[in-house]
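Undergrad: model the following, please.
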Amino acid sequence: TTEIYTLSLHDALPISEDVEKIVGKKFRAEIKDVYGNVNIYGEQKYEYTTFRKETYKVAGEHRPESIEYVNTIEEDVKRRDFTVNSIYYDILDDKYIDVYGGLNDLENCVLKAIETPEYVFDNDALRILRMVRIACSLGLDIDIKTVLCAQNNVEKLKYISKNRIREEVNKILVCDTFYPTLKYTNNAHGRALELLGNMGALSFIFPSLEQIRNSEIKDGGMKLYSHIMQAYYISSSNIRLSTLFHDVGKFYSKLKYKNFWANEEYLKYYLEINLGDEKGLGYNKSHINRIYRVITAQNFDKYLLENRYNVRRFIVDNIDIFNEITELMDNRRLVETNLKKKSRVAKKLRKNYDSMVKNNVPMKLSDLDINGDDIISNFIDIRVDKIGIILNKLFDLCLKSDNINKKATLLVYAKKYIMKDREFYLEA
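TA: Residues are numbered from 1 along each chain as shown. Below is the predicted model of the structure:
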C-alpha cells in the first residue's frame, strides 16, 4: 500500500487568500481556519502555515484570541511548545534552522520547553498533556524544570474544552503504538498515566481514577489502583478505557456498602460522570455503552457452570466485543496470578466460539442460510410482520444444535413452527 504523508510548510506570505491564488492549477488550496492555515492538495497533502505570533485571552486557554502575521522564523518559533518541535528545515538551502537547540535535546533524549516553561504552559495548558504524550511516545526524559512547571500549572486544564482534552487523551492511551521500534516506548501508555497521576492531572481527566489512586481499597489483597494499572500495562490498545474503568463500580460500591454487590449500578453512573457529555470528556453514548458491556460481561459464568446454549447465546449477544471481553478476562486473571494463568472462562468462551465456527453455527441473524424472501416464497400466506419471529426461532434453534444451518433443514423447521400456530403466522 502507498502511505500518504502530510508535509508542513511555513513562510511569511501574509494572508491565506494569497496562498490560494499562488498554488495555481496544479494544486488545490483549501483555507483551513482563520489562523493562517491552508491545506494544499497535489500528489500528496501539504499544510501551509503563515509565520505568526499568538495572543491568548485566558492563561491556559488552548485557542489564541488573536494572531498577528510576522516575517521571520525567530518570531514564528515563539509559538511552539518544546525545543524538539521547534526545528525548521530550509528546503532551498538544505539546512536546519534550530533556534532553541532542539537537535541537541533530541540527541540527548530530553523534552524541554522553549523560552521558559512558564511561557509555554501559560499560553496553552493543553501542552501539559502534549508534553506527556510526546515524551512517552518518543521515549524522552522530561527536563526537570519543564515537568515541575507543568505540575504547578495543572489546574489550568480546567480552561481547556473537554473535546480537546479527549482528543489528547485518546492519543495518550495508545502512545506506545506511534513509534514502537524506538527504545523505551514499549510501556509508553503506562508511563504516561503514571506521569499524569504524579502531576495531579488525572483528576481533570478521569476523576474517579484519581480517587481510586488515592484510596487503600483492595480486592483479593491487592489495591484496586494497582490491579487496574497492571492490567492496563498489559492491555492492547482497543480495551484500555475498559481496563481503566473495570473496577470503578467496585470502588464506589465498597465505599457505600462495604461490599462489591452494587458494582454494575455504580459503574454505569460513574462511566457517565467521567466519560459522558454533561460532566465527562464527551465520548458518545455508543462508546460508553460498549465499555459498560465489556466490563459487565466479566461477571459471566464465574463458576464455569453455564451450559452450552447459554454460552453460545452469550457469544452471539456480544459478538461485536467478544475479543475485548475475553482479553480483559485474561488480563485480570494474569494480574491476579502474577502473570502465570489466564482466565478459564475466556478459554471456555474461545473453545465454544471455535466449535460454533467449525459446526456452521450462525453468529448473527444474517448468517442464517435462509432469509425473509425464502420464507415468503415458500409460505405465500405468511404474515409479513411474523417473518422476524420465525427467523429468530430458527437462529435460536441453530444455537442449540450443530450443523442444521442449511436452507432445506431450516425450511422444514419453519414449516413446523407455522403449522403449529397457523392463526398466528398466516393470513386469514
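Undergrad: hmm, residue 147 is touching residue 201, no?
TA: No. Here residue 147 lies out of contact with residue 201, judged by Cβ atoms under 8 Å, at a distance of 11.2 Å. For the C-beta atoms, the positions are set from N, CA and C on the backbone; glycine is no exception.
Undergrad: quick check: the most centrally placed residue in the chain vs residue 221, distance?
TA: With distances taken as Cα atoms, centre = their mean, residue 170 lies nearest the centre of the chain, 5.1 Å away. Distance, residue 170 to residue 221, by Cβ to Cβ, to the nearest Å: 33 Å.
Undergrad: could you dump stretch 121-134 to CSV, C-alpha only?
TA: Output of stretch 121-134 as CSV, limited to C-alpha atoms (Å, rounded to 0.1, in the frame of the first residue of the first chain):
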residue,chain,number,x,y,z
PHE,A,121,2.2,26.5,29.8
ASP,A,122,0.8,30.0,30.4
ASN,A,123,0.0,30.2,26.7
ASP,A,124,-1.7,26.8,26.4
ALA,A,125,-2.4,24.3,29.2
LEU,A,126,-3.1,21.6,26.8
ARG,A,127,0.6,21.5,26.3
ILE,A,128,0.8,19.7,29.7
LEU,A,129,-0.9,16.7,28.1
ARG,A,130,1.1,17.1,24.9
MET,A,131,4.3,17.1,27.0
VAL,A,132,3.3,13.7,28.5
ARG,A,133,2.3,12.2,25.1
ILE,A,134,5.4,13.4,23.2
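Undergrad: name the residues that touch that stretch?
TA: 54, 56, 59-62, 79, 81-82, 84-85, 111, 113, 120, 140, 142, 146-147, 149-150, 153-154, 156-157, 159-160, 164-165, 168-169, 171-172, 175, 192, 195-196, 199, 201 (Cβ atoms under 8 Å, 6 or more residues apart in numbering).
Undergrad: stretch 240-260 too?
TA: Against stretch 240-260 from outside (Cβ under 8 Å, 6+ apart): 173-174, 189, 193, 206, 208-209, 211-212, 215, 217, 219, 224, 227-228, 231-232, 235, 261-271, 274-275, 291, 294-295, 298, 324, 328, 331-332.
Undergrad: tell me the buried residues in it?
TA: Of the residues in stretch 240-260, those buried by neighbour count under the rule 16 or more other Cβ atoms under 10 Å are 240-254, 260.
Undergrad: give me the mean pLDDT for it.
TA: Mean pLDDT, stretch 240-260: 95.
Undergrad: how long is that stretch from one end to the other?
TA: One end of stretch 240-260 sits 22 Å from the other (Cα to Cα, to the nearest Å).
Undergrad: mind listing what's buried in the helix or strand residue 292 falls within?
TA: Applying DSSP states H and E as the criterion places residue 292 in helix 285-296. For helix 285-296, burial by neighbour count (16+ other Cβ under 10 Å) applies to 288, 290-296.
Undergrad: next SSE downstream of it?
TA: helix 308-317.
Undergrad: orientation of the helix or strand following that next one relative to helix 308-317 in degrees?
TA: Remark: after helix 308-317, the chain's next helix or strand is helix 322-336, criterion DSSP H and E. If you take axes from the mean of the first three to the mean of the last three Cα atoms, to 10 degrees, helix 322-336 sits at 110 degrees to helix 308-317.
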